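Colleague: Here is a sequence with its predicted model. Questions after.
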Amino acid sequence: MSTLIHNARVVTMNGDTVIERGGVVLEKDTITRVFEGDAPSGAYDDTFDAHGRVLMPGFVDAHTHACWAGDRLDEFDMKLRGATYLELLEAGGGIMSTVRAVRGASEDGLCERLLTRLNVMLREGTTTLEVKSGYGLTTQDELKMLRAITRAGEAWAGTLVPTALIAHALDPEQPDFVQTTCIETLRAVHEEFPGITIDAYTEMGAWSFDDTRRLFAHAMELGHPVRVHTDQFNELGMTRWAVEHGALSVDHLEATSEVELRNVARSKTYGVMLPCSGFQVDGRYADGRMFLDAAPGASDRLVIATNCNPGSAPTSSMPFAIALATRHLRITAHEALRACTTNAAALLGFDDRGALREGARADAVLLRHTDERMLGYEFGGNPVDAVWCGGLRIT
């Protein structure tokens, strides 16, 4: 299958290159040509006239919890009546309510639910994403989630990266839960999913600094990279530890001090900011502007993601995350685009997507806009008119 997309404003995300009028040629699942001006002559299976609209890489959503069962509608009503996120968590709700629903769901059911959400995300322009486990919190149920995530990824048109978030919450019904997770669950995950990234949620009411450090020490000994949810509500010291020990990313950062945020910006660890959580939970946002201005290389390591989950970020929309980022992280639309294309792809270990360039995977999105800055300016609705994923037109 060969496709010519022409007469587009091509936002390549290959550096700062924007082609005012040009296009791309897709051959099978690869971009074989990026051109300026008139379309190259040749025989193509499909030809698409963009009529001046923006053509850009598919979004890369590098932090999601898109695999779950049940809902949190009753808890949302409680939140509207004044209950805080941590209060719900400490009362056995929040994450634990979804844990109970996931434990009662089958692997097939989890896979089907996830595939439905993945296809919604694809229509909104996300062609590569990460999905975490973390709603099982037993060895058996964490493995069930990871198997469901893997199966959904194999059936989906885009690219899915699983992450083992085995330290998402504390289960009060399991004696020696931390010990079991650090030894039994980690070992089982290692045997079935060697090299998978291990994640944890370090927060008051969830995993402590010391327990997270212990889990990560075991994980790294087994050869697993680590990521960590840190400083969402309280700064507990995990951000500095993660940077010093080479974590792939520190995610959330809403409560991170200026000193520690600058420390992340000067490191090789990615800073992942999740503005949809601030919108849903408490109106607090990480300081993207400070992060970018703190060090010359920080522009390569800022990532924004949806954090898609049933509690703190019930959204699948990367365009909405971009709109929030321009308003509350204080970054430009182009900086936000870089944070959810090239930078996010690099965090997930890909060098063949996140930009429109020859040799890259043929993941491309056509907006209904003729100026990419509209993604930061406008909010609500779906700005995506067409999606090509692996060279195939999806919408």
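Modeller: Looks like it came in fine.
Colleague: Check which helices and strands the lowest-mean-pLDDT helix or strand in the chain is in contact with.
Modeller: Sorting the helices and strands of the chain by mean pLDDT, DSSP states H and E puts helix 85-90 at the bottom, at a mean of 76. Here helix 85-90 touches helix 73-80, going by 3 or more Cβ pairs under 8 Å, 6 or more residues apart in numbering; DSSP states H and E. To be clear about C-beta, it is placed using only N, CA and C from the backbone, and glycine gets the same treatment.
Colleague: Grab the nearest non-local neighbour of L110.
Modeller: Closest residue to L110 apart from its sequence neighbours, by Cβ to Cβ, 6 or more residues apart in numbering: A148 at 3.8 Å.
Colleague: What number of neighbouring residues does the one you found come out with?
Modeller: By the criterion of other Cβ atoms under 10 Å, A148 has 27 neighbours.
Colleague: Next: P194.
Modeller: 10.
Colleague: Other residues contacting stretch 96-114?
Modeller: 66-70, 72, 75, 89, 131, 135-138, 141, 144-145, 147-149, 151-152, 155, 169, 171, 310-311 (Cβ atoms under 8 Å, 6 or more residues apart in numbering).
Colleague: Could you look up the SS state of the residue lying farthest from the centre of the chain?
Modeller: Going by Cα atoms, centre = their mean, the residue of the chain most distant from its centre is S41, 38.4 Å out. Classification of S41 using DSSP: H, G, I helix; E, B strand; the rest coil returns coil.
Colleague: again with W241
Modeller: helix.
Colleague: wait, it sits on R213?
Modeller: Yes - counting by Cβ atoms under 8 Å, W241 does reach R213; the two are 6.2 Å apart.
Colleague: Can you verify my assumption that T181 contacts A167?
Modeller: Yes - contact criterion Cβ under 8 Å: T181 and A167 qualify, at 6.0 Å.
Colleague: shared neighbours, these two?
Modeller: In contact with both T181 and A167: L215, using Cβ under 8 Å, 6+ apart.
Colleague: The stretch 1-150 of the chain: strands as residue ranges?
Modeller: Along the stretch 1-150 of the chain, the stretches classed as strands by DSSP state E, counting those that start in this stretch are 2-11, 18-27, 30-36, 46-49, 54-57, 59-61, 126-132.
Colleague: Quick check: which helices or strands does the fifth one pack against?
Modeller: Using 3+ Cβ pairs under 8 Å, 6+ apart as the contact criterion, the neighbours of strand 54-57 among helices and strands are strand 2-11, strand 364-367.
Colleague: same deal with the second one?
Modeller: Using 3+ Cβ pairs under 8 Å, 6+ apart, the elements in contact with strand 18-27 are strand 2-11, strand 30-36.
Colleague: got it, and the last one?
Modeller: Packing contacts for strand 126-132, counted by 3+ Cβ pairs under 8 Å, 6+ apart, involve strand 59-61, helix 107-123, helix 139-155, strand 159-167.
Colleague: Show me what it is in contact with.
Modeller: Residues contacting strand 126-132 (Cβ under 8 Å, 6+ apart): 58-67, 114, 118, 121, 149, 152-153, 158-165, 168, 199, 305, 316, 318, 344-345, 348, 350, 353-354, 363, 365, 387, 389.
Colleague: again with the shortest one
Modeller: With Cβ under 8 Å, 6+ apart as the contact definition, strand 59-61 has outside contacts at 121, 124-130, 305-306, 308, 318, 340-341, 344-345, 348, 350, 353-354, 365.
Colleague: what about G52, how many neighbours?
Modeller: For G52, using other Cβ under 10 Å, the count is 13.
Colleague: isn't there a strand covering A200?
Modeller: Yes - read with three-state DSSP, A200 is one of the residues of a strand.
Colleague: In the stretch 151-300 of the chain, what residue spans correspond to strands?
Modeller: 159-167, 197-201, 226-230, 249-252, 270-273.
Colleague: Kindly reformat those strands as CSV and extend each row with mean neighbour count, mean pLDDT and distance to N263.
Modeller: Formatted as CSV, the strands of the stretch 151-300 of the chain follow (neighbours: other Cβ atoms under 10 Å; pLDDT from 0 to 100; distance: least, Cβ to Cβ, whole Å):
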stretch, mean neighbour count, mean pLDDT, distance to N263
strand 159-167, 24, 98, 23
strand 197-201, 25, 98, 20
strand 226-230, 27, 98, 12
strand 249-252, 28, 98, 10
strand 270-273, 28, 98, 10
